[in-house]
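> Structure here, sequence nowhere to be found:
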């Protein structure tokens with residue numbers, strides 16, 4: 001999400017700008033906005049099969065961001081000036097945004113607009129659990145992944161593609177196992193929760209996505225496999241819809257609880273990684289002209305700001321504009337488009353303002 005070194009857009013011996021990565025970021029941030037808009041219909045109990053199918057298709061958006069961040073952050077050229085310079089540069093991008101948008105969401109949205117009683121103890125709890133806003137867990141997780149990057153990158157370097165695949169898949173398997181145990185505990189089958197997600201632990205369960213982002217870039221899947229993965233993605237979305245409905249009925253027991261779609265469960269991980277791997281394999285050699293490249297770079301850079309501002313914009317629109325919060329397909333699609341457009345305009349304008357640019 002944060003703007004990365006533009007020299008770190010390609011692995012191997014063929015450096016250069018990869019427009020595909022910015023396209024993925026733009027599509028993914030639109031997907032994130034859609035996920036949060038459709039969450040309103042889910043909460044209202046009015047999410048029909050059509051909207052649920054769209055929701056499940058969009059579930060790959062956040063994993064895609066983690067994968068793109070890993071593709072760039074684990075590039076040797078991102079750390080060419082040493083671990084210290086790498087960490088300082090990333091900290092200057094992530095931490096101010098995390099502090100400012102956390103404070104804004106707590107004070108303006110939670111306290112000012114929604115009038116939710118909040119004291120210092122509540123604030124400390126939200127900071128510790130990484131729940132200062134529903135979307136900011138991404139930054140808490142990314143901060144931890146950035147801290148690990150100077151350790152992971154030298155390990156990957158000698159056999160980057162192979163090791164990235166092994167480490168990434170291993171980390172995903174660990175996440176699936178640990179989170180499955182936690183879900184079984186929630187279902188009353190077990191009594192132990194192996195990990196509580198929060199500020200200090202988010203990065204652990206998203207490590208697999210982060211490393212696999214590098215793997216799919218430097219050791220892409222064969223093109224035939226990529227075509228096959230794209231071909232089965234609609235069926236995979238249909239499976240996610242079935243699993244979601246199954247878990248929602250409460251009749252599936254422990255199995256449904258473990259397989260219920262979420263970023264850290266096996267069905268969503270397989271769908272997300274497969275989709276991004278296929279797109280990267282088929283599109284990594286695509287190139288654009290200089291003018292198009294400048295526009296795509298700017299759009300890619302703006303996704304960070306769109307991600308940060310879209311949730312406050314969404315809440316404000318729902319609270320201040322009558323009818324936009326109606327749980328109907330037309331209203332939700334309109335709210336999605338309006339939220340994305342306002343957020344994009346704000347991000348693009350804010351990037352031109354020195355003070356605001358530091359937090360978007």
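Structure's in. What do you need? In this text the structure is predicted, and so the values were computed from the model without any measurement.
> Just the buried residues of the helix or strand encompassing residue 248, please?
Element membership of residue 248, judged by DSSP states H and E, is helix 223-249. Within helix 223-249, the residues that qualify as buried are 226, 229-230, 233, 236-237, 239-241, 243-244, 246-247, counting by 16 or more other C-beta atoms under 10 Å. Quick note: C-beta positions are derived from backbone N, CA and C, even for glycine.
> Would you mind measuring from residue 244 to residue 187?
For residue 244, the distance to residue 187 equals 16 Å [C-beta to C-beta, to the nearest Å].
> so where's the protein uncertain?
Scanning the chain for pLDDT under 70 picks out the ranges 1-15, 40-47.
> Return the distance of the residue positioned nearest the centre of it relative to residue 124.
Closest to where the C-alpha atoms of the chain average out (C-alpha atoms, centre = their mean) is residue 62, at 2.2 Å. Distance from residue 62 to residue 124, counting by C-beta to C-beta: 26 Å.
> Kindly list the main-chain dihedrals of residue 81?
Torsion angles at residue 81 (phi, psi; degrees, to the nearest 10) stand at phi -100, psi 10.
> How many residues are close by it?
For residue 81, the neighbour count with other C-beta atoms under 10 Å is 12.
> Now residue 153: closest residue in space, sequence neighbours ignored.
Leaving out its chain neighbours, the residue that sits closest to residue 153 by C-beta to C-beta, 6 or more residues apart in numbering is residue 74, at 5.1 Å.
> Name the residues of the lengthiest helix in the chain that are buried.
Taking DSSP state H as the criterion, the chain has its longest helix at helix 290-320. Buried residues in helix 290-320, counted by 16+ other C-beta under 10 Å: 296-297, 299-315, 317-318.
> ok, now stretch 325-334?
For stretch 325-334, burial by neighbour count (16+ other C-beta under 10 Å) applies to 325-327, 331-332, 334.
> Endpoint to endpoint, it covers what distance?
10 Å (C-alpha to C-alpha, to the nearest Å).
> Which residues does the helix or strand containing residue 100 contact?
Assessed by DSSP H and E, residue 100 sits inside helix 83-104. For helix 83-104, contacts defined as C-beta atoms under 8 Å, 6 or more residues apart in numbering pick out 2-3, 73, 78-79, 126-127, 132-133, 136, 139-140, 142-143, 146-147, 149-150, 304, 308-309, 312, 358-360.
> Could you list the buried residues of it?
Within helix 83-104, the residues that count as buried by 16+ other C-beta under 10 Å are 86, 89-90, 93-94, 97-98, 101-102, 104.
> What ranges does the stretch 1-150 of the chain have for its helices?
Taking DSSP state H, counting those that start in this stretch as the test, the helices found in the stretch 1-150 of the chain are 19-43, 49-57, 61-73, 83-104, 120-129, 137-156.
> what's the most buried one of those helices?
helix 61-73 (a mean of 26; mean count of other C-beta atoms under 10 Å).
> how close does the residue nearest to residue 30 when sequence neighbours are not counted sit to residue 197?
Excluding the flanking residues, the one nearest residue 30 by C-beta to C-beta, 6+ apart is residue 340, at 5.7 Å. Residue 340 sits 27 Å away from residue 197, going by C-beta to C-beta.
> again with residue 112
Taking C-beta to C-beta, one finds residue 112 at 28 Å from residue 197.
> picking up where we left off before, same for the helix holding residue 248, what does it pack against?
Secondary-structure packing of helix 223-249 (3 or more C-beta pairs under 8 Å, 6 or more residues apart in numbering; DSSP states H and E): helix 49-57, helix 253-259, helix 266-283.
> Go through these and pick out the most buried.
Each of the helices and strands packed on helix 223-249 was scored by mean neighbour count; the highest is helix 266-283, a mean of 21, by mean count of other C-beta under 10 Å.
> just how off-centre is it within its chain?
Centroid separation between helix 266-283 and its chain, computed with C-alpha atoms, centre = their mean, to the nearest Å, is 14 Å.
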